[in-house]
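Asker: what would the 3D arrangement of this be:
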Amino acid sequence: MHINRSTLVLAIATAFSTPVANANALYIHAGNLIDGVSDDVRSNVTIVVSDNTITAIKDGFINDDNGRVVDLTDSTVMPGLMDMHTHVDMLLNKDGYTEGFFKNPPYFALRATNYVNDTLQAGFTTVRNLGGSVSTDLRDAINQGHIAGPRIYAAGKSIATTGGHADPTNGINRHLSLLEGAPGPTAGVINGYDDARQAVRQRYKEGSDVIKLTVTGGVLSLAKSGDNPQFMDDELKGIMDTAKDYGFVVAVHAHGAEGMKRAIRAGVDSVEHGTYMDKETIKLMKKNGTYYVPTISAGKWVAAHVDQYPTIVQPKARAVGPQIQKTFTKAYEAGVNIAFGTDAGVFPHGLNGREFGYMVEAGMAPMEAIQSATINGAKLLRIDDKLGSVESGKLADLVAVKGNPLEDITLMESVSFVMKDGTIYKQL
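Answerer: Numbers count the residues shown, from 1 in each chain. Coordinates of the predicted model:
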């Protein structure tokens, strides 16, 4: 018997394929639906998906043309979750400060294929990756179907000032740090208005989707201060003047209040961490519509693992880590716009869902926490016309948990169904 070689190869590829591809229309029977926009929960609805698009949402459990049915009648269906602060191409473990001297970029990219899959399996179908050496490559590999992972909006290399939080030569032997010359705008280190313009243009040239600045000191860098301002007004103006020309969303890492205020006045889109924000900072954020991305998970993690970090980092971890959740409460109660973000990569990927519990613990209503990771994230990224809610005409990014997360928010840590772009990647 002759077996066609092409047919055999196709059969093997199909058998070992991770995603379950959709054929024509899918009828998703949802026991409950949180659509990401409304504060009301709909019960017993059918979500119709054709190819990669939601085409209808109907009351009752229906199957109009005998299409394939996905039974989620015991579950709550939601839009695909969004994490606005990740580092999907790294995991800062005990070797994180030295392995760059011994490993090459392909190693980090290959290792990160596990990280992006863990993120997707946790229900996060879209992430904003705020700094990473191979994040644009991961994005492209995912978009082209080579590996499974979330939709990535990548910042590429974060932009810092000399000696700032994202200066890659901090703490390095001076002879090693000068082997290729002092880092400049191409490497994401600036000093002055012109450097700032060049750095943004370089990110554009390299294919970044968003811009990330480290406008204050940080916890995990090999530098003394965790909160001092590190950008001058003219440097921020150079960043924003150029970012607006290229349509970039700009995020700023910031712990100290002065650095935050300078950045908010300059017109940035989001403040990450925000540890020591004061009343004036909050007032400016509300006036400008600036989003706050809290990353409570990272604060909890570093505070609990202080001893694993270098000596210069430990006092910063002890001071900053426990403060972030308190700041979140203050910002939430004041009415600041909040978008979900975790800083995954500081802690293991796939644990992003813990942030929901921390937010609710700090006073946020469960529905608002879910909306922060759906429609709010989409608005921050300016993609709410196609993602962030379960509505007809939007892309079919859907997740589900068994039970009702409004009654038990910890269910968000156990996502049982994941669909991204109309393809099912997980169904338990």
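
Asker: now do the domain split for this protein, please.
Answerer: Split into domains by automatic domain parsing, the chain comes to 5-80+390-427, 81-381.

Asker: which of those domains comes out lowest on mean pLDDT?
Answerer: Mean pLDDT is lowest for domain 5-80+390-427 out of the domains of the chain, coming in at a mean of 87.

Asker: what sits against Ala344?
Answerer: 83, 85-88, 119, 297, 351-352 (C-beta atoms under 8 Å, 6 or more residues apart in numbering). For every residue, glycine as well, the C-beta is placed using N, CA and C.

Asker: tell me which of the domains of the chain sits most buried.
Answerer: Sort these by mean neighbour count, taking mean count of other C-beta atoms under 10 Å, and domain 81-381 sits at the top with a mean of 21.

Asker: out of the contacts of Ala344, the closest to Gly377 would be?
Answerer: If you rank the contacts of Ala344 by distance to Gly377 using C-beta to C-beta, Asp83 comes first, at 7.6 Å.

Asker: report the beta-bridge partners for that closest one.
Answerer: Val127 (DSSP bridges).

Asker: distance of it relative to Met364?
Answerer: 16 Å (C-beta to C-beta, to the nearest Å).

Asker: circling back to that earlier point, got the contacts of Ala344 as TSV, with secondary structure and distance to Met412 columns?
Answerer: What follows is the contacts of Ala344, written out as TSV (DSSP: H, G, I helix; E, B strand; the rest coil; distance: C-beta to C-beta, whole Å):
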residue	secondary structure	distance to Met412
Asp83	strand	12
His85	strand	17
Thr86	strand	16
His87	coil	21
Val88	coil	19
Thr119	helix	14
Ser297	helix	12
Leu351	coil	11
Asn352	coil	9
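
Asker: now render those residues as JSON lines, adding distance to Asp59.
Answerer: Below are the contacts of Ala344 laid out as JSON lines (distance: C-beta to C-beta, whole Å):
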{"residue": "Asp83", "distance to Asp59": "32"}
{"residue": "His85", "distance to Asp59": "37"}
{"residue": "Thr86", "distance to Asp59": "36"}
{"residue": "His87", "distance to Asp59": "42"}
{"residue": "Val88", "distance to Asp59": "38"}
{"residue": "Thr119", "distance to Asp59": "33"}
{"residue": "Ser297", "distance to Asp59": "37"}
{"residue": "Leu351", "distance to Asp59": "36"}
{"residue": "Asn352", "distance to Asp59": "32"}
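
Asker: can I take it that Ile57 is in a helix?
Answerer: No: assigned with DSSP: H, G, I helix; E, B strand; the rest coil, Ile57 falls outside any helix and is strand.

Asker: contacts for the helix or strand where Val200 lies?
Answerer: Here Val200 sits within helix 193-205, counting by DSSP states H and E. Applying C-beta under 8 Å, 6+ apart, the external contacts of helix 193-205 come out as 155-157, 159, 184-186, 188-190, 211, 234-239, 241-243, 246, 248.

Asker: same check on stretch 386-394?
Answerer: With C-beta under 8 Å, 6+ apart, stretch 386-394 has contacts from 33-37, 47, 53-57, 77-80, 82, 126, 374-379, 395, 397-398.

Asker: contacting residues for Ile409?
Answerer: For Ile409, the contact set (C-beta under 8 Å, 6+ apart) comprises 356-357, 360, 366, 369.

Asker: try it again at 10 Å.
Answerer: For Ile409, the contact set (C-beta atoms under 10 Å, 6 or more residues apart in numbering) comprises 353, 356-361, 364-367, 369-370.

Asker: quick check, nearest of those to Ile424?
Answerer: After measuring these against Ile424 - C-beta to C-beta - the closest member comes out as Gly353, at 19.1 Å.

Asker: against Met359, how distant is that closest one?
Answerer: 11 Å.

Asker: now list whatever residues contact both of those two.
Answerer: Common neighbours of Gly353 and Met359 (criterion: C-beta under 10 Å, 6+ apart): 297, 373, 409.

Asker: can I get the residues you listed in TSV including distance to Asp167?
Answerer: Shown next, in TSV, are the shared contacts of Gly353 and Met359 (distance: C-beta to C-beta, whole Å):
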residue	distance to Asp167
Ser297	25
Ala373	31
Ile409	38
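
Asker: now Gly188. Its backbone dihedrals?
Answerer: phi 80, psi 30 (degrees, to the nearest 10).

Asker: thinking again about what came up before, nearest to Lys261, of the contacts of Ala344?
Answerer: Looking across those and measuring by C-beta to C-beta, the closest to Lys261 is His85, at 20.2 Å.

Asker: quick check: closest non-adjacent residue to that closest one.
Answerer: Using C-beta to C-beta, 6 or more residues apart in numbering and skipping residues adjacent in sequence, the residue nearest His85 is Gly341, 3.2 Å away.

Asker: Ala298 is in contact with that neighbour, correct?
Answerer: Yes: counting by C-beta atoms under 10 Å, Gly341 touches Ala298, with 9.0 Å between them.

Asker: now for the two: what residues contact both?
Answerer: 85, 272-273, 355.

Asker: of these, which belong to helices?
Answerer: Glu355 (DSSP state H).

Asker: now name the helix or strand holding Ile424.
Answerer: Ile424 is part of strand 423-427 when elements are defined by DSSP H and E.

Asker: check the offset of that strand from the chain's centre.
Answerer: Counting by C-alpha atoms, centre = their mean, to the nearest Å, strand 423-427 is centred 20 Å from the centre of its parent chain.
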